[in-house]
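S.K.: Whatever this is, show me its structure:
(one chain, ligands or ions: 1)
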Amino acid sequence: MDHQSAAELFSSFVDGDLGATEKSDLEHHLAICIQCRTELEEFRRAVGGLGRLKHAAPDSFLPQIQEQIFLRSRGRFFGRRWKLFGRIPFEWVSLAMIIAMLVYYILHLRGAPTGVQPVP
Ligand SMILES: [Zn+2]
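M.R.: Numbering: from 1, shown residues only. Okay, here's the model as predicted:
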């Protein structure tokens, strides 16, 4: 058994879902391979950490964090925004500027002479 196929069996091994042959093959490889023993230990640690995350955060978690940041930053972050101009996306501002420049071009510059006039 090589490292790759050993690593693929870690999940089933930890869950106890391996067949007898695969289990003894893996155990044999683990007995002679310190690299895979280390990886299995890291895998167990990661899975154990995930297993402790059983509960999702309550709905009030994020607003409370934002309020704490707002208070501790003395209003610099997560403050109330001005309704009309607080949340205009940058793309809309860019589009409005492009349209404004196009209108200016059409109204003021389109009829202007661009060629070089010969000196009489
Ligand atoms: Zn190995």
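S.K.: count of residues packed around Glu8?
M.R.: The tally of other residues near Glu8 (other C-beta atoms under 10 Å) stands at 11. Quick note: C-beta positions are derived from backbone N, CA and C, even for glycine.
S.K.: ok, then the element right after the lengthiest helix in the chain?
M.R.: Counting residues, the longest helix in the chain under DSSP state H turns out to be helix 34-51. Using DSSP states H and E, the next helix or strand after helix 34-51 towards the C-terminus is helix 61-72.
S.K.: who touches that following helix?
M.R.: 77-79 (C-beta atoms under 8 Å, 6 or more residues apart in numbering).
S.K.: near the ion, which residues of the chain?
M.R.: 3, 6, 33, 35-36 (C-beta under 5 Å from the ion).
S.K.: I'd like those as CSV, with neighbour count and pLDDT appended.
M.R.: Shown next, in CSV, are these (neighbours: other C-beta atoms under 10 Å; pLDDT from 0 to 100):
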residue, neighbour count, pLDDT
His3, 12, 90
Ala6, 21, 90
Cys33, 16, 93
Gln35, 11, 93
Cys36, 22, 93
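S.K.: Next, format those residues as JSON lines and append distance to Val116.
M.R.: What follows is these, written out as JSON lines (distance: C-beta to C-beta, whole Å):
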{"residue": "His3", "distance to Val116": "75"}
{"residue": "Ala6", "distance to Val116": "78"}
{"residue": "Cys33", "distance to Val116": "81"}
{"residue": "Gln35", "distance to Val116": "76"}
{"residue": "Cys36", "distance to Val116": "78"}
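S.K.: Show me which of the residues you listed is closest to Ala100.
M.R.: Each of these was scored against Ala100 by C-beta to C-beta, and His3 proved nearest at 62.2 Å.
S.K.: Disregarding residues adjacent in the polypeptide, which is nearest to the closest one?
M.R.: Ranked by C-beta to C-beta, 6 or more residues apart in numbering and with sequence neighbours excluded, the top spatial neighbour of His3 is Cys36, at 5.8 Å.
S.K.: residues touching the one you found, list them.
M.R.: Applying C-beta under 8 Å, 6+ apart to Cys36 gives the contacts 3, 6-7, 29-30.
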